[in-house]
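Turn this into a structure:
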Amino acid sequence: MTRIRSRHFRAGNDGSPSRPRSRGRGDAPEGRVGTPTPSRRDGLTSSARLLTYRSTFRHHSHLLLLGAPRPETIGVAWAAARAAGLALHIQESIDVAGEPGPGDESRPLCIAIDLDAGHSRREATVVRREIALAAVPVIGLGVELGDLCFEEAFSSGIDDCCPREADSLGRRLRAIARAERPALEPQQHEAVIADPDQSSRLLIGRVFRNAGFRVSFAQDAGEALRLAARDEVRVVVCAAALDAEGEGGEPLSQRVPRQGGKAAWIINTPPKEILAVQARFGLAGDALVAVHDAFSAPDNLLFVANELLCRPMRNLRKSERVLYGTSVRFRSAGGGTEQLGYSYNVSAGGMYVRTLVPPEPHEALWLELIPPRSDRRVHQEVEVVWRRAYGPGPGATVPSGFGVQVTGATAADAERYQRGYEAFRAERTALRRSGPPAAE
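Numbering: from 1, shown residues only. Prediction:
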């Protein structure tokens, strides 16, 4: 039987739980307004402790706070969940959460992880091993959210990061609760994930499954080639480590370029090996093959796949979109509360920003970010062109967020952004075109 640490929290004046104490005769009964009370969930067989804080709302779901969060994080999570009409569960590890089935009330609406607590990335990776939780968003809470923090979080399977503030977390919870949840019916198209590492396979597989692909897994080069030969396969993500395992002594780098077919191959490799791997594959200009940074966020693979499969459309754009990640601060033009997001891709006249709280189309925003190859922020006036709320489905070809068009900036900021974008785009183009060394 699971031993539950029984604690009783009384809400402070701001709705957050104050210091825990034993329940006395004068305390309000369970369910009284503003009083979170620990309760036990059935079905757990581990020794991990689980706390459930109930409010007076009729809950259809809950926020799950994972790990060993700090007391201040618990207070923030409680206030945010209460404002969103959710219960708050606290659990040490997802290992004892079971595998909720479709419609199971034990499935959380959202999972939050304290980024400042130990083993936060491990907790996120463990969550992403659970197929039953593939569609559940994970939010990282932190005090100082720099670019490195975002990148590490995204690489672990976290969907968004926000300041450890009840308002910021509450906005995200309400947006997730409002989002439509259509049944995820896989398309006829299939993605093959070939990697000897199970965690990598599952992280990448989750991205493509949520985008509507059927997903198959391979652990060696021979299996990857056999699966890729199927007509319905459109994308193959393959670890560069499998290159030396080709059948009959012939490496993948010699077989893939001449294989033909409709499938786009993305070779995942550590960044320091990208040039060497490109040289081995001898990429031609029309080859449906790209070499990608294996340390970047798994969601970036969708961008690479789309660029390979939609080349005619890509050539019609006014300016090329380039993967570029940095923190973005935005607010409604003229005022409003500042929000924090993270850029996904940029172009000469706009960008796409990752966030679980995307603004509405046509909304005017003020936006600040550090452009590529720059060391200072620029301020831009932008208009939201389109948005994508969180949720899996065939249209989920980008993470939750919004696309903007730049409508104004000072002359200095406009010039700084354009100069940085053009330099960065030229570097990316030169890197893609780097092929095998010329024969002597």
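
what's the distance between Val304 and Val236?
Computed with CB to CB, to the nearest Å, the distance linking Val304 and Val236 is 12 Å. To be clear about C-beta, it is placed using only N, CA and C from the backbone, and glycine gets the same treatment.

what distance separates the host helix or strand of Ala423 from the middle of the whole chain?
Ala423 is part of helix 411-432 when elements are defined by DSSP states H and E. Taking the mean of its C-alpha atoms, helix 411-432 sits 26 Å from the chain's own mean (CA atoms, centre = their mean, to the nearest Å).

Give me the contact list for it.
The set of residues that contact helix 411-432 without belonging to it, under CB atoms under 8 Å, 6 or more residues apart in numbering, is 274-275, 278, 283, 290, 319-320, 322-324, 346-348, 371-374, 376, 378-380, 406, 409.

Apply 6 Å and report the result again.
Glu320, Val322, Ala348, Pro371, Pro372, Arg373, Ser374, Val378, His379 (CB atoms under 6 Å, 6 or more residues apart in numbering).

Which one's more surrounded, Val304 and Val236?
It is Val236, of Val304 and Val236, that has more neighbours when counted by other CB atoms under 10 Å, with 27 against 20.

which strand residues sit across from that one in the sheet?
Val192, Trp265 (DSSP bridges).

Show the pLDDT at it.
Val236 is assigned 95 on the pLDDT scale.

was I right about it contacting Ala228?
Yes. With contact defined as CB atoms under 6 Å, Val236 counts as touching Ala228 (4.8 Å).

joint contacts of those two?
With contacts taken as CB under 6 Å, 6+ apart, the residues that reach both Val236 and Ala228 are Val192, Ala263.

before we move on, back to that, select, from the contacts of helix 411-432, the two members most distant in space.
Distance extremes for the contacts of helix 411-432: the farthest pair is Glu320 and His379 at 23.8 Å, using CB to CB.

Now do the strands in the stretch 1-150 of the chain.
For the stretch 1-150 of the chain, the strands defined by DSSP state E, counting those that start in this stretch occupy 50-53, 62-66, 87-91, 110-114, 138-142.

Roughly how far does Leu148 sit from Gly420?
Here Leu148 is placed at a distance of 19 Å from Gly420 (CB to CB).

Comparing the two, which residue is more hemmed in?
Under the criterion of other CB under 10 Å, the comparison of Leu148 against Gly420 puts Gly420 first, with 19 against 8.

Identify the residue spatially nearest to the more buried one, adjacent ones excluded.
Spatial nearest neighbour of Gly420, chain neighbours left out: Pro371 (3.6 Å); criterion: CB to CB, 6 or more residues apart in numbering.

and what of Gly142?
Nearest residue to Gly142, sequence neighbours excluded (CB to CB, 6+ apart): Leu115, at 3.8 Å.

For the one you found, the count of nearby residues, please.
Leu115 is surrounded by 26 other residues when neighbours are defined as other CB under 10 Å.

Just send the contacts of helix 411-432 back as a markdown table, with pLDDT and secondary structure too.
As requested, the contacts of helix 411-432 are exported to a markdown table (pLDDT from 0 to 100; DSSP: H, G, I helix; E, B strand; the rest coil):
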| residue | pLDDT | secondary structure |
| --- | --- | --- |
| Glu320 | 88 | coil |
| Val322 | 93 | strand |
| Ala348 | 94 | coil |
| Pro371 | 96 | coil |
| Pro372 | 95 | coil |
| Arg373 | 94 | coil |
| Ser374 | 94 | coil |
| Val378 | 97 | strand |
| His379 | 97 | strand |
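
I'd like to know which of those residues is nearest to Glu363.
Nearest to Glu363 among those, with distances taken as CB to CB, is His379, at 17.0 Å.

And the closest one, how far from Thr397?
Separation of His379 from Thr397 (CB to CB) stands at 29 Å.
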